[in-house]
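1. model the structure of this input:
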Amino acid sequence: MTSAHDLTDLVQLSRTLGEPARRLAILAEGNTSQVVAEDQLAVKATGRSLRHASAADFVLVSLRRLSEIVDDSAAGDADVARYFDEIEAEQGMRPSVEALLHVVCVVDAGATTVAHTHPESVNALLCSDRAEVLAGPPIFPDQVVVMGRRGLLIPYSDPGVVLAREVRARLAEHAGEWGMPRVIYLRNHGLVVLVSSPAQALQLTEMADKVSRVLAAALALGNVVPMTDESAERIDTRDDEQVRRTALARATLRQPGND
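-> Numbers count the residues shown, from 1 in each chain. A predicted model of the protein is given here:
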């Protein structure tokens, strides 16, 4: 079913995120998605590896159907399972349980590409009592340019409809204070980036990995000293940094053999 859509960049993103040396996801961990039509999201099927992804490993889900399930407080896992049964019967594969999370990122935050990974560096902090530093004030300028001034930290929630509802509620709160986040951190779970292209998804994932490694090293030496609000705002609004941000947004994924 997904063969009617061009998933070349989504597949390349998935394979890149799954490269063992990057330590972002192993086995069937993580999932990626891309909006392919007004009401259609291509999302990785459950049990499929990012490392070995192909277009045949993605299924199409209805943004409307899954968003309505998230909105309906009376709906639960059984309702999700029934819809996923329909998908499996039609397309031969079952969507990842995190398809609902991807749908919320698209419908509520306006993303067109979503990447969810379990980076070792990020999870080391998310599984500690210092997870708040990830969503706190930025610590260096490039973090601001790529990721914005604040990420969103979500308490651990049961993957699926419970997590999707928690993210939907907290996205609205965060938007009122900081605007829509580009990065969501899930305690004891992993990382989600909300972007407009596969290339940006890789950029944000790589920057989140770097930020986490720097934070861990800083904490090992003492306390984290973040940028001041004034300094972060200055970087966020400088004309030259806006030019750099625009250039990054226009970047494309390099295909194998194009180096």
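2. burial measure for residue 235, as a count.
-> By other C-beta atoms under 10 Å, 18 other residues sit near residue 235. (C-beta placed from N, C-alpha, C; glycine too.)
3. need the contact list for it.
-> By C-beta atoms under 8 Å, 6 or more residues apart in numbering, the residues touching residue 235 are 141, 144, 145, 227, 241.
4. do that again at 6 Å, thanks
-> Listed by C-beta atoms under 6 Å, 6 or more residues apart in numbering, the contact partners of residue 235 are 141, 144, 241.
5. state the next helix or strand along the chain beyond the helix or strand it falls within.
-> If you go by DSSP states H and E, residue 235 is part of helix 229-237. Downstream of helix 229-237, the next assigned helix or strand under DSSP H and E is helix 239-249.
6. name the residues that touch that next one?
-> Contact partners of helix 239-249, identified using C-beta under 6 Å, 6+ apart, comprise 145, 235.
7. in it, which residues are buried?
-> Of all the residues in helix 239-249, those buried under the rule 16 or more other C-beta atoms under 10 Å are residue 241.
8. what angle separates it from helix 229-237?
-> 60 degrees (axes from the mean of the first three to the mean of the last three C-alpha atoms, to 10 degrees).
9. tell me the mean pLDDT for helix 239-249?
-> Mean pLDDT, helix 239-249: 85.
10. what's the answer for stretch 116-128, then?
-> Average pLDDT, stretch 116-128: 98.
11. do stretch 174-182 as well
-> On average, stretch 174-182 scores 93.
12. pLDDT value on the closest residue to residue 142 other than its chain neighbours, please?
-> Distances taken as C-beta to C-beta, 6 or more residues apart in numbering put residue 207 closest to residue 142, at 7.0 Å, once the chain neighbours are dropped. As predicted, residue 207 sits at a pLDDT of 97.
13. also the one 5 residues further on?
-> Each residue has a pLDDT score; the one for residue 212 is 98.
14. ok, now the one 5 residues further on?
-> Confidence per residue is given as pLDDT, and for residue 217 that number is 97.
15. contacts only, for residue 99.
-> Residue 99 neighbours (C-beta under 6 Å, 6+ apart): 43, 61.
16. circling back: so which bits of the helix holding residue 235 are buried?
-> Neighbour counts using 16+ other C-beta under 10 Å place 232, 235, 236 of helix 229-237 among the buried residues.
17. quick one: the strands in the stretch 101-250 of the chain?
-> Assigned by DSSP state E, counting those that start in this stretch, the stretch 101-250 of the chain shows strands spanning 113-117, 152-154, 183-186, 190-195.
18. so what strands line up beside the first one?
-> In the sheet containing strand 113-117, its partner strands are strand 31-37 (antiparallel), strand 190-195 (antiparallel), by DSSP bridges.
19. which of these is buried the deepest?
-> Most buried of the strands paired with strand 113-117, by mean neighbour count (mean count of other C-beta atoms under 10 Å): strand 190-195, with a mean of 26.
20. got a list of contacts for it?
-> 105, 109, 111, 113-119, 122, 182-184, 201, 204-205, 208.
21. now stretch 137-155
-> Outside stretch 137-155, the residues touching it (C-beta under 6 Å, 6+ apart) are 135, 166-167, 170, 174, 178, 181-187, 203, 207, 211, 226-227, 232, 235-236, 241, 244-245.
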